[in-house]
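*Asks:* prediction below, plus the sequence it came from.
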Amino acid sequence: DAKTTQPNSMESNEEEPVHLPCNHSTISGTDYIHWYRQLPSQGPEYVIHGLTSNVNNRMASLAIAEDRKSSTLILHRATLRDAAVYYCILSPLDSNYQLIWGAGTKLIIKP
Amino acid sequence: EAGVTQFPSHSVIEKGQTVTLRCDPISGHDNLYWYRRVMGKEIKFLLHFVKESKQDESGMPNNRFLAERTGGTYSTLKVQPAELEDSGVYFCASSPRATVDTQYFGPGTRLTVL
């Protein structure tokens, strides 16, 4: 099974950039990389996804290593509302893009 | 636009009883997914519907779990009989297409089996 590894938790100061790392050394060529986050008492929420190239959207940026064995989610200016558990997820083509979840990183934002 | 809704938000039952969880996807979304997180574990895929058909049920843990999606609208997930290890949070998600589309999640149902 495709697998991701993330730090258990990270802390950052409000209004500073945050870089959340993820290792996925067993990724195969057709696996997509997704990031979802889960705010307290809510269901998971989509953040961003990519395959090979770096991606940007209004929420975040996704930097994918050239060998695709790791990726980094970048929150450009974290706010208190970004405090959540961030999940790095692989989505293999051969399982019809089923989401395979990691343990997640709990992001703590300090005011 | 209404999001994915799930009912109930919390259910407490005795071991051996039956519980039925309901999910209403976003209107027009053909794809509906069930996931769960049991205590201390990662979120795991259970199954995927495309309209009323089960596309992938490889994650269903055993035959005590039965999912249905009659008419391709809302879905139910029944656990019969419930066991202690079934306790956890059950999430439902929906998406327009079965590709790498964003999945929109409901708030989850917390199931506690005593």
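*Replies:* Happy to help now that I have it. Numbering: from 1, shown residues only, chains lettered A, B, ... in the order given.
*Asks:* can we go C-alpha only for contacts and neighbour counts from here?
*Replies:* Will do.
*Asks:* low-confidence ranges, the chain, go.
*Replies:* No chain was given, so I picked chain A. A:1-2 (pLDDT under 70).
*Asks:* hmm, no, I was thinking of chain B.
*Replies:* Short version for chain B, where the test is pLDDT under 70: B:1.
*Asks:* near chain A, which residues of it? Just list them.
*Replies:* Taking CA under 8 Å from any CA of the partner chain as the contact definition, chain B meets chain A at B:41-45, B:91, B:98-100, B:102-108.
*Asks:* quick one: contacts for A:S12?
*Replies:* A:18, A:78, A:107-110 (CA atoms under 8 Å, 6 or more residues apart in numbering or on different chains).
*Asks:* er, B:F49 actually
*Replies:* B:30-33, B:55-56, B:69.
*Asks:* which residues does the nearest residue to A:L39 once chain neighbours are set aside contact?
*Replies:* Once flanking residues are discounted, A:L39 sits nearest to A:A84: 4.6 Å by CA to CA, 6 or more residues apart in numbering or on different chains. By CA under 8 Å, 6+ apart, the contact list for A:A84 reads A:37-40, A:106-108.
*Asks:* from the residues you listed, pick the one nearest B:V4.
*Replies:* A:Q38 (15.0 Å; CA to CA).
*Asks:* could you report the neighbour count for the residue nearest to the closest one when sequence neighbours are not counted?
*Replies:* Spatially, and ignoring its direct neighbours in sequence, A:Q38 is nearest to A:P44 (4.3 Å; CA to CA, 6+ apart). Other residues near A:P44 come to 25 when the count uses other CA atoms under 10 Å in any protein chain shown.
*Asks:* how about A:P44, what does it touch?
*Replies:* Applying CA under 8 Å, 6+ apart, the residues contacting A:P44 are A:36-38, B:104-107.
*Asks:* ok, now with 10 Å
*Replies:* A:35-38, A:84-87, B:91-93, B:103-108 (CA atoms under 10 Å, 6 or more residues apart in numbering or on different chains).
*Asks:* leaving out sequence neighbours, find the closest residue to the residue nearest the centre of chain B.
*Replies:* The residue lying closest to the centre of chain B (CA atoms, centre = their mean) is B:W34, at 3.5 Å. Excluding its sequence neighbours, the residue lying closest to B:W34 (CA to CA, 6+ apart) is B:C92, at 4.6 Å.
*Asks:* next to chain B, which bits of chain A? Give me the list.
*Replies:* Residues of chain A lying near chain B by CA under 10 Å from any CA of the partner chain: A:32-34, A:36, A:38, A:41-50, A:87, A:91-93, A:95-104.
*Asks:* just the ones in strands from these, please.
*Replies:* A:32-34, A:36, A:38, A:45-50, A:87, A:91, A:100-101 (DSSP state E).
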